[in-house]
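S.K.: Quick one, what's the 3D model for this:
(2 chains)
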Amino acid sequence: MKRTLNALLAGLLFGAGLIVSGMVNPAKVIGFLDVTGQWDPSLALVMASAISLSWLGVRLAARRSDPACPTDAPARPIDKPLVLGSIVFGIGWGVSGFCPGPAVVATGDLYWPALAVLLGMLPGLAVAGMFQTAQRD
Amino acid sequence: MDIAWTLFTPWHSLAGGALIGLAASLLLLGNGQIAGISGILGNLLKPEGRAPWRLAFLAGLVLAPLLLWPVMLQITPSPVETPELDGPTLIRLLAGGFLVGLGTRFANGCTSGHGVCGLARFSPRSLVAVLSFMGAGFMTVALWRLVHGGVSL
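M.R.: You can find the predicted model right below:
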């Protein structure tokens, strides 16, 4: 129960961060990706700030050497699904202005473009998920 | 490259980013889990992946705008414009979303899992993922601008 509440609080904070930073606004995300137009560097600063705080969490988890924390999981190789999947994601990101987090948060705000992106995203996740299980079996 | 200083919102970026990093740390320390939204969504689609922490985290994401609703205009850097609901826009968003879902599941992560959590762990895989999706994003928007003479939103 305590862990479930912790995850709920983490979700609320994560969502609040996406709202405060303006990353739920697809126009702002596309403004960052628009390097040949009027470039808005905001997203880079959001990432830098988020990575710094997240790094502190990783350090704390490593110090506690909590076996539940997957900080020292064995590294998987850099393979084709990683690179090609990321490129496909980047194309979808540039076309829609949404990555998964903001799509979920803005759906909670009943923003119809986010709902459309989420409706497209779920079958995409399911199709790739089926492929992955098929590969493993 | 022209930097749009009028659009740049550094304080909102720093504050929002800090909240995101704090949330990722909280999930790592309290649940031993990585805050990767595409992974959470993908696992929730499978019956065996429906762990309570995933549902709770997702509920938090969806509830965040409802909780912040009264102060939304005070805390956001710029008002969000809603595009007209027409055929081409709907198709663009559905197709974009499909590519986002497909790609992030194959790559095992998105902006949160690889971008925030992976880079904080200095994961080489995550660095490759971030460079790949950002590069593809830059090229997609540049190509869109070239073909349509502007950005999509």
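
S.K.: and residue A:130, how many neighbours?
M.R.: Per other Cβ atoms under 10 Å in any protein chain shown, the neighbour tally for residue A:130 reads 13. Using the backbone N, CA and C atoms, a C-beta is placed for each residue, glycine as well.

S.K.: how near is the residue nearest the centre of chain B to residue A:32?
M.R.: Against the mean C-alpha coordinate of chain B, by Cα atoms, centre = their mean, the closest residue is residue B:111 at 5.4 Å. Distance, residue B:111 to residue A:32, using Cβ to Cβ, to the nearest Å: 11 Å.

S.K.: Could you do residue B:72 as well?
M.R.: As judged by Cβ to Cβ, residue B:72 and residue A:32 stand 21 Å apart.

S.K.: Of those two, which one has the most company?
M.R.: residue A:32 (25 against 13).

S.K.: mind checking pLDDT for that one?
M.R.: Looking at residue A:32, its pLDDT stands at 97.

S.K.: Might one say that it is in contact with residue A:47?
M.R.: No - at 9.7 Å, residue A:32 does not count as touching residue A:47 under the criterion of Cβ atoms under 8 Å.

S.K.: which neighbours do these two share?
M.R.: With Cβ atoms under 8 Å, 6 or more residues apart in numbering or on different chains applied, the contact sets of residue A:32 and residue A:47 do not overlap.

S.K.: Number of residues surrounding residue A:121?
M.R.: Neighbour tally, residue A:121, other Cβ under 10 Å: 32.

S.K.: Just give the nearest non-adjacent residue to residue B:100, would you?
M.R.: Using Cβ to Cβ, 6 or more residues apart in numbering or on different chains and skipping residues adjacent in sequence, the residue nearest residue B:100 is residue A:92, 3.8 Å away.

S.K.: distance of the one you found from residue B:77?
M.R.: Counting by Cβ to Cβ - residue A:92 and residue B:77 are separated by 24 Å.

S.K.: what about those two, which has more around it?
M.R.: residue A:92 (31 against 22).

S.K.: what helices or strands is the longest helix seen in chain A leaning on?
M.R.: The longest helix of chain A (DSSP state H) is helix A:112-136. Counting contacts by 3 or more Cβ pairs under 8 Å, 6 or more residues apart in numbering or on different chains; DSSP states H and E, helix A:112-136 packs against helix A:80-96, helix A:100-108, helix B:37-44, helix B:87-107.
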